[in-house]
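**Student:** Okay, here's the prediction I keep looking at, along with the sequence it came from:
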Amino acid sequence: MNTKKLGEFLDDKKGYVKKGSEQLMEILVDKGYDISKLTKDQVKEVLREKVKLSKAKKVKASPPKILTYDIETSFVLARVWGTGKQYVGHDAIQDETQIITVAYKWVGSNKVEYLKWSRKKKSDKKLMKAFLEEYNKADMVIGWNNNSFDNKIVNSRALKHGLEVNTHVKSFDIMRQVKKVFRLPSYSMAYVSKYLGLGGKLQHNGIKMWEDIAWGSKADYKQSMAMMVKYNVQDVALTEEIYFKVRKYLSGVMHAGVLMGKSKMTCPHCGGDHGKLYRTIVTEGGSIQRVMKCKKDGVKYKVSNAEYLKSL
């Protein structure tokens, strides 16, 4: 018997993992195994590895925390001399972008939450404090054009108010990912949602909604704010629907399986142990790669040949 055979023996007889090295060696001799090629230190090492593996399997890792979100922001006011294309310098800016509403939903939850700014104070500080309590819990955020807009606005408002924000959160920007793979007539969320048969975005009364929220009467503000919240909430629900429709065609930005303590062979999107070999490809440099397909959600993902062979 060698260390490999000992490992296989302990896989079949898991109860012996708790035995000491000397006791285990005595048991093996009694059972008629030739252990002349095994040292006590080797037996100890194999036992140590099996105990470590056993403990790791008992730890049930939670699924990644994935947050879908969307923000609606205020006007930026500036002094200008007229209409048309012109340069607006920083000294002409009279106000700054603030977050009026933010809607968010945890993947796996059925409820879309939302927060509103304080109209009386014209401030998003309270909103930001509350939202960042959720945002900073996320392993990954999902949005539409959020890498270029939403994430940066959230970071900027956290900076403004001196609040803690996770600038290293993994971000799945659906629009950016879709552009990498598909050639569509338009990459607006309204168009893509209709293209996928999901209906479309909620209609509102345009720029007047923002004007009412900024300068309208109490009644106009109340009506337009309710409309903005409804629009914001529907955007988040629609964003998540689009995500689940398109993700099997797109690359991920994190590995859910590894985050859950599993191997790289698991699905990077859902973390499931449902992958099967889909294709074998070879890079220009001659490296073999394996394309796996998750049986659960249809996601295709690449693993190295070494990782694949290790799993066999």
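**Tutor:** Sure, I can see it. Residues are numbered from 1 along each chain as shown.
**Student:** Give me the average confidence score over stretch 285-293.
**Tutor:** The pLDDT scores in stretch 285-293 average 96.
**Student:** buried set for that stretch?
**Tutor:** 290, 292-293 (16 or more other Cβ atoms under 10 Å). (Each C-beta comes from the backbone N, C-alpha and C, glycine too.)
**Student:** Same question for stretch 201-219.
**Tutor:** So for stretch 201-219, counting by 16+ other Cβ under 10 Å, buried means 201, 209-210, 212-214, 216.
**Student:** From the contact counts, what lies against the least confident helix or strand in the chain by mean pLDDT?
**Tutor:** Across the helices and strands of the chain, mean pLDDT, DSSP states H and E gives its lowest value to helix 40-58, namely a mean of 73. Other elements packing on helix 40-58 under the criterion 3 or more Cβ pairs under 8 Å, 6 or more residues apart in numbering; DSSP states H and E are helix 3-12, helix 21-30.
**Student:** Tell me which of the ones you listed lies nearest to Glu284.
**Tutor:** Closest approach to Glu284 among the helices and strands packed on helix 40-58 is made by helix 3-12 (36.3 Å; Cβ to Cβ).
**Student:** Looking at the closest one now, give me its mean pLDDT.
**Tutor:** 80.
**Student:** same check, this time on stretch 170-188
**Tutor:** 98.
**Student:** Provide the contact partners of that stretch at residue level.
**Tutor:** With contact meaning Cβ atoms under 8 Å, 6 or more residues apart in numbering, stretch 170-188 is reached by 139-148, 151, 189, 191-192, 195, 239, 242-243, 246, 249-254.
**Student:** Among these, which are located in strands?
**Tutor:** Among those, the residues falling in strands (DSSP state E) are 140-143.
**Student:** ok, so of those, who is nearest Val169?
**Tutor:** Once Cβ to Cβ is applied, the member of the ones in strands among the contacts of stretch 170-188 that ends up nearest Val169 is Val141, at 5.7 Å.
**Student:** how near is that closest one to Ile66?
**Tutor:** As judged by Cβ to Cβ, to the nearest Å, Val141 and Ile66 stand 8 Å apart.
**Student:** do Asn110 as well
**Tutor:** 15 Å.
**Student:** now stretch 76-91: how far from the chain's centre is it?
**Tutor:** Counting by Cα atoms, centre = their mean, to the nearest Å, stretch 76-91 is centred 38 Å from the centre of its parent chain.
**Student:** Rounded mean pLDDT for it, please.
**Tutor:** 91.
**Student:** Other residues contacting it?
**Tutor:** So stretch 76-91 is contacted by 92-97 (Cβ under 8 Å, 6+ apart).
**Student:** if you set the cut-off to 10 Å instead, what comes out?
**Tutor:** 92-98, 214 (Cβ atoms under 10 Å, 6 or more residues apart in numbering).
**Student:** sec struct for Asn166, please.
**Tutor:** coil (DSSP: H, G, I helix; E, B strand; the rest coil).
**Student:** burial of it, as a residue count?
**Tutor:** 16 (other Cβ atoms under 10 Å).
**Student:** With adjacent residues omitted, what lies nearest to it?
**Tutor:** Asn136 (4.9 Å; Cβ to Cβ, 6 or more residues apart in numbering).
**Student:** Any idea how far stretch 163-181 is from the middle of the chain?
**Tutor:** 8 Å.
**Student:** and it, how far apart are its ends?
**Tutor:** One end of stretch 163-181 to the other measures 36 Å (Cα to Cα, to the nearest Å).
**Student:** Then stretch 248-258?
**Tutor:** Stretch 248-258 end-to-end distance (Cα to Cα) = 18 Å.
**Student:** and what of stretch 117-125?
**Tutor:** Distance between the two ends of stretch 117-125: 8 Å, counting by Cα to Cα.
**Student:** Please point out which parts of that stretch sit buried.
**Tutor:** Per 16+ other Cβ under 10 Å, stretch 117-125 contains these buried residues: 117, 124-125.
**Student:** domain ranges for the chain?
**Tutor:** For the chain, automatic domain parsing gives the domain ranges 3-58, 66-248, 259-311.
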